[in-house]
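Asker: Quick one: sequence and predicted model below, then my questions.
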Amino acid sequence: MAETAVCYLIDKLIPLLAEEVNLLRGVHGEVSDIKNELESIRAFLKDADKRAESEGDIHDGVKTWVKELTKVAFKIEDVVDVYIYHMSVQRPNRHRFIAFLNKIACFVIKLKPQHQIAIEIREIKANIRSIMERSERYGFRSLQQTSTSTTRKRYDPRKAPLFLNETEVVGLESPMEELISVLENTSPQRVVTAVVGMAGLGKTTLAKQVYDRIKGHFDCHAWITVSESYKTEELLRSLIEKFSGTGHVGFPTQNTVDTTDEVALKTQLREFLQKKRYLVIFDDVWNNEFWGDIEHALPSNQNSGRILITTRKAAVANSCRRSSSVHVHMFQSLLLEKAMELFSKKTFEFEYGGGCPPELEELSVDIVFRCQGLPLAIVAVAGILSTKDKTVYQWRRFLNSLSVEMLNHSDTERILMLSYNDLPYNLKCCVLYFGMFPKGYSIRCGRLIRQWIAEGFVKSEPGKSLEDVAKEFLTELVDRSLVEISEVDDEGKAKTCRIHDLLHAVVFKKMEDLSFCQVFSGDELSNFNAVARRLSIIGSSIKIPSTIDVSCVRWFSISSQDEMLNSTVSMFAASFKLLKELDFEDFPHLDHLPENIGNLFHLRYLSVRGTRVKYLPKSVEKLVNLETLDLKGSLVCEIRFEINKLLKLRHLFGRCNDDKEIPMDGLRGIKVKETGSLKSLQKLVHIEANTTGFDITKELGPLTQLRTLGITKLRSEDGSSLCGCIEKMKCLESLYVSSTSEEDIIDLESMTCPPEFLRRLILVGPLRKLPDWITKLQNLAKISIWSSKLGDDPLKVLGILPELVVLGIHNEAFVGEQLHFEEGGFPKLKVLDLDNLKGMNSLIIEEGALPVLEKLYLKTPKLQKVPSGIQHLRNLEMLLFNDMPNELMESMDPNEGHNYQIVQHVPSVYFSCEHEEYFYRLRQFGWKQL
């Protein structure tokens, strides 16, 4: 516990002592002494933490010692941060006489903070010496490693979560087939299926596998995580939002989503679902009254509606019987054979051919036996052992520790705690971060990485950006089976992640013990722990007393739909003197930021993503330590302050959502100038290039370190200048460019040496032709072109790209009549989207083209025949025809269609019509019109 706090503080003091000598004049030696004291203590911390956790009440004094040391570490951080703030507010003046007066004033002003910090540091040093003296009576052993892991292996890029392989399933094959059979039964009655079992068995994993397999066979579907505390109206809104995300006609309006009237929400859902075959998964249901709260929103409409519930309580399943047919699957733990198979896959994935070496078999069986057939425990243990040397000595040591650790707590919880304790201190901080969000919450990976960086958890390494190092942290946590990737994009890249509910409970307790964060959900903040480093408010009806002391809080977030909290934000935010992160992404009703937000000198992360905020106060320009400014999806359409003062800014996200004008692809940038001095920027999206006074070369030329760039409203005459800037961006990985209108050509033809690491390219607007340099993009994984009006078939150019995974041709990007996929083309393409190509009437796919294609979306209204060659696409999983001629649809009718054999190998084939009140669906075993 204390190791995390102390090691983090030492890492913070080292650069401070190296770079802030003048700033700490008079107390520099005192701070250096404290660092040395902490260094000497650090050697004993792992032993102290371990004994505080494992020896229960025998050594309450040890726990007290650890907690006191943690508080001292926090106090040091507070003192230093306050002092840095006082020193930084004194700004130099260029006028000599005024500068002289300021110098005198500054000297007087500095005397008090210097004197005060000196007194406080001496008190801290006395406390540390007292703590050190008491450590001797406990006989702590010196353990010099900074990680509790015995052996830490180097990051293996093959395991990167950014390009995930299909999830391995062990022991779920039989229950999966059973559930699929029940859910796909043609009985017209509404059926509820409940998966019941103890925590850690893999109920959610099973449900997710089933959901992914069959969701395409239903007219609409939704996955909802419920958990212990829920509000019915919020569940109903979540259902509406999930259904509306699929884009079907007739979905509830946003006004309905915003309502808090439960009856209105249920009525809207019933009306929408009345004539549809729906599938809904409710994951992690605890309350016996849940079904009574939700059943009237899900009609028994004689259209085979299906509901799947996962729960730890059989009573939850039984409560559904009063109004529905219920099938209960009692989930059992894995037998030893399957448990060993899972263990071996996770532990030896890249060694020994994926199997256990003979000398470790007996130990492996003993270790797996301790896990009692619980998949969560097995993968957690395997995650630890995969990082250690595969020797009998190391494994016997681990088995012995596993036996001791499991004496005092529930087995799975102890195993998860072992996984946590095995982490180096910086990864412990990263895992604790998940506890600040609601149970079951999936957080965007990019958001998580940027917040880790803002917290200081991530340290630079030679040849790597901070973002690269943070991604490796996430990779290691996934490899250790502590973090789950919950959603991936079309490229197979991780979008969101979460931790298991059992681990969340472990982390939550650890987080509060460490004063890492205090979470309030429906409680009054009057009992707030003033030492807590972070404050998370979740839910509504939170009472915030004006007298609360939040001066030590470093991170603040609200996750709520309660508009009443809006009025308290200004008052509350003003009290945060040492705040580093202010995250309002999960508070969509926020409509303003306080004018004095610029006083938050230490602020590094500010997000109003998805809120109703319309403008940023001018004082934001005073946030000189800001690293992330996230305005995406807000109503901010222009930055009016002097952004060039934010020299540490690494990420600027702008995408106005005020709906005053709808661009070609629905994306509108923001107006901003003076970006050229922001040489720390890694991501700059999306900014308007036709802003008055915006000079492409001046604004973008110096930003050679950019990884992501998004430019909207590019004028034709600025294309050449943009090309010159892009060629200097050697690290660029993602590029988005849109023109000012559907008539203004995007001229990017003057580029000769594009960035070699470019992986994503989106071009929105007319093109004379595809730029010649595209063929040089040997690492390109995704390309989308919109409204390009290309007359020549672009496939000859794009088909030779060796790493292309996703291709989108949208909104008359191609205006010719025929697209031809030639043999050998697009060797790695998995997703192909031909959208709104109004002139195309022929699509030819030669055998040997698109060999690994999985998803094909077609909206080509003049296409009269089934595309030639679809029968060759043996890996195709989904085929969607949108707004296509009736003749084409009828030709694939399984009963009478003469082209049915062409698509019969595709598991999910859809026809949709956006402009009518019906939705067509084609399935292998039958055809139905709704």
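Answerer: Alright, I've got the coordinates.

Asker: Let me see the contact set for residue 887.
Answerer: If you count contacts by CB atoms under 8 Å, 6 or more residues apart in numbering, residue 887 has them with residue 864. All C-beta spots, glycine's among them, are computed from the backbone N, C-alpha and C.

Asker: State the helix or strand in which it lies.
Answerer: helix 886-890 (DSSP states H and E).

Asker: For that helix, list every residue counted as buried.
Answerer: 888-889 (16 or more other CB atoms under 10 Å).

Asker: next helix or strand past it?
Answerer: Helix 886-890 is succeeded, C-terminally, by helix 900-903 (DSSP H and E).

Asker: Outside of that following helix itself, list whatever touches it.
Answerer: 866, 870-871, 879, 891-894, 909, 922.

Asker: neighbour-wise, which of those residues leads?
Answerer: residue 909 (24 neighbours; other CB atoms under 10 Å).

Asker: pretty sure it contacts residue 877?
Answerer: No. Using CB atoms under 8 Å, residue 909 is not in contact with residue 877; the gap is 10.3 Å.

Asker: Format the contacts of helix 900-903 as CSV; extra columns: distance to residue 520.
Answerer: Output for those, formatted as CSV (distance: CB to CB, whole Å):
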residue, distance to residue 520
866, 58
870, 55
871, 59
879, 48
891, 60
892, 55
893, 57
894, 56
909, 49
922, 50
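
Asker: what's the spacing between residue 238 and residue 673?
Answerer: 40 Å (CB to CB, to the nearest Å).

Asker: likewise residue 614?
Answerer: In terms of CB to CB, residue 614 sits 19 Å off from residue 673.

Asker: what residues are up against residue 683?
Answerer: 650-653, 706-709.

Asker: And residue 614 and residue 673? Which one has more around it.
Answerer: Each of residue 614 and residue 673 has its neighbours counted (other CB under 10 Å); residue 673 has more, 19 against 15.

Asker: Let's see which of the contacts of residue 683 end up in helices.
Answerer: Using DSSP state H, no member of the contacts of residue 683 falls within helices.

Asker: how does this protein divide into domains?
Answerer: 2-138, 157-165+335-510, 173-330 (automatic domain parsing).

Asker: Output these as TSV; include the columns mean pLDDT, distance to residue 678 and mean neighbour count.
Answerer: Formatted as TSV, the domains of the chain follow (pLDDT from 0 to 100; distance: least, CB to CB, whole Å; neighbours: other CB atoms under 10 Å):
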stretch	mean pLDDT	distance to residue 678	mean neighbour count
domain 2-138	63	19	16
domain 157-165+335-510	82	15	19
domain 173-330	83	34	18
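
Asker: all strands of the stretch 301-450 of the chain, in order?
Answerer: 306-311, 325-330, 443-444 (DSSP state E, counting those that start in this stretch).

Asker: Skipping adjacent residues, who's closest to the residue sitting nearest the centre point of the chain in space?
Answerer: For the chain, the residue sitting closest to the mean C-alpha position, by CA atoms, centre = their mean, is residue 444 at 1.6 Å. Among residues not flanking residue 444 along the chain, residue 496 sits closest, at 5.5 Å (CB to CB, 6 or more residues apart in numbering).

Asker: In contact with the one you found, which residues?
Answerer: Residue 496 sits in contact with 442-445, 485-487, where contact means CB under 8 Å, 6+ apart.

Asker: and it, that one's in a helix?
Answerer: No. Applying DSSP: H, G, I helix; E, B strand; the rest coil, one finds residue 496 to be strand, outside a helix.

Asker: partners of it in the sheet?
Answerer: residue 444, residue 487 (DSSP bridges).

Asker: Dump the strands of the stretch 301-450 of the chain into JSON lines; add distance to residue 554 as well.
Answerer: Shown next, in JSON lines, are the strands of the stretch 301-450 of the chain (distance: least, CB to CB, whole Å):
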{"stretch": "strand 306-311", "distance to residue 554": "36"}
{"stretch": "strand 325-330", "distance to residue 554": "45"}
{"stretch": "strand 443-444", "distance to residue 554": "18"}
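
Asker: Out of the ones you listed, flag the one nearest residue 551.
Answerer: strand 443-444 (27.0 Å; CB to CB).

Asker: picking up where we left off before, could you redo the contacts of helix 900-903 as TSV and give each row distance to residue 195 and pLDDT?
Answerer: Putting the contacts of helix 900-903 into TSV (distance: CB to CB, whole Å; pLDDT from 0 to 100) gives the following:
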residue	distance to residue 195	pLDDT
866	39	87
870	36	93
871	37	91
879	30	90
891	40	86
892	35	85
893	36	81
894	32	80
909	29	84
922	29	42
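
Asker: Among the residues you listed, which one sits closest to residue 132?
Answerer: For the contacts of helix 900-903, the nearest to residue 132 is residue 879 (69.3 Å; CB to CB).

Asker: Specify the local secondary structure of the closest one.
Answerer: strand.

Asker: wait, doesn't it sit right on residue 870?
Answerer: Yes. Residue 879 lies in contact with residue 870 (CB under 8 Å); the separation is 7.3 Å.

Asker: Show me whatever sits in contact with both of the two.
Answerer: 856, 903, 906.

Asker: Now for the second one, how many residues are close by?
Answerer: A total of 22 residues lie near residue 903 under the criterion other CB under 10 Å.
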